[in-house]
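> next input, structure requested:
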Amino acid sequence: MTGKIDAAQAAFDAALAAVPGYGPALIGLARIKAGNRDLPGALVLLGSALEKSPKLYDAWQLKGDILNAQGDPKGATEAYRKVLDVKPDHLPAHSALISHFLEAGNLDEAVKQLEAMKKIAPKHPQTSYLQAQLFYRQKNFKAAQEALQQYLKILPDGTLGLQLAGAIEYELKAYSMAETYLLKALPKTPELGLARRILIASYLRSNQPAKALATLQPVLDKIENNSNMLALAGEVFMQNGNAEKAGDYFA
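As a prediction, this is how the structure comes out:
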């Protein structure tokens, strides 16, 4: 956890030498492989751990995370459900399942899973955040705003919370508040991520094209394969009175 990977590797290897097939050591080595982007190798180690100890819930959790990263949502869902079979109060598995259902647009399943999470951790900030996300997907923006305030009371600088807060305020047409939240989130989010897109759109909607252009400029040379950002760039240049350049980006 402190980044001393070689020392961790040596310690896990020593654990396996002392107790061959020791599950927690295999999980540790799998984390190292996953960190080095060797996801297939990590899955092999997790398979060995789970074959010997099928109730290692943290092995199922890591397997779910890796399968999710590999673009296998079905396999990831099955792994997260295995976690909850072994440890029903494991919040990361509840959270991962809810996030998966939200991304897939399966709001009914998200509601069911969130209700189960509320029974275990009703006041946990992650519960409030996921509730806000659900309301947002349901386009109940006022309820999303109220739910997210509970999260922000505990984690006022949480990047995902700030980004979601900005998105909610944008939908509520409170562009000044959206700007406040998104400017805080922007340095901690991907350059071409949601925070920048919503901030630019917010400036456009509130008739501040110069600010929109200033927010776009740092990434202008990186958007050639991003259709959302290209279209947004077209809008920015159109509002700034540069129709020719706007046409290039729309094209």
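
> pretty sure residue 118 contacts residue 127?
Yes - between residue 118 and residue 127 there is a contact under Cβ atoms under 8 Å: 6.0 Å. Bear in mind the C-beta positions are built from the backbone N, C-alpha and C, glycine included.

> and the residue nearest the centre of the chain, what helix or strand is that in?
Per Cα atoms, centre = their mean, the C-alpha nearest to the average position across the chain is that of residue 160, at 7.4 Å. Taking DSSP states H and E as the definition, one finds residue 160 inside helix 159-171.

> tell me how far that helix lies from the chain's centre.
The chain centroid and the centroid of helix 159-171 are separated by 13 Å under Cα atoms, centre = their mean, to the nearest Å.

> remind me what that helix packs against, helices and strands.
helix 125-137, helix 141-154, helix 175-185, helix 194-205 (3 or more Cβ pairs under 8 Å, 6 or more residues apart in numbering; DSSP states H and E).

> off-centre distance for the second one?
In terms of Cα atoms, centre = their mean, the centre of helix 141-154 is found 18 Å from the chain centre.

> so it versus helix 125-137, what angle?
Angle, helix 141-154 to helix 125-137, by axes from the mean of the first three to the mean of the last three Cα atoms, to 10 degrees: 160 degrees.

> buried set for helix 141-154?
Across helix 141-154, burial judged by 16 or more other Cβ atoms under 10 Å covers 141, 143, 144, 145, 147, 148, 150, 151, 152.

> so who does the last one touch?
If you count contacts by Cβ atoms under 8 Å, 6 or more residues apart in numbering, residue 152 has them with 158, 161, 162, 165.

> kindly reformat those as JSON lines containing distance to residue 8, pLDDT and neighbour count.
Formatted as JSON lines, these follow (distance: Cβ to Cβ, whole Å; pLDDT from 0 to 100; neighbours: other Cβ atoms under 10 Å):
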{"residue": "158", "distance to residue 8": "28", "pLDDT": "94", "neighbour count": "20"}
{"residue": "161", "distance to residue 8": "31", "pLDDT": "96", "neighbour count": "23"}
{"residue": "162", "distance to residue 8": "32", "pLDDT": "97", "neighbour count": "25"}
{"residue": "165", "distance to residue 8": "37", "pLDDT": "98", "neighbour count": "25"}
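
> could I get those residues as a markdown table with distance to residue 199?
Formatted as a markdown table, the contacts of residue 152 follow (distance: Cβ to Cβ, whole Å):
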| residue | distance to residue 199 |
| --- | --- |
| 158 | 17 |
| 161 | 16 |
| 162 | 11 |
| 165 | 12 |
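
> name the nearest of these relative to residue 111.
residue 161 (20.7 Å; Cβ to Cβ).
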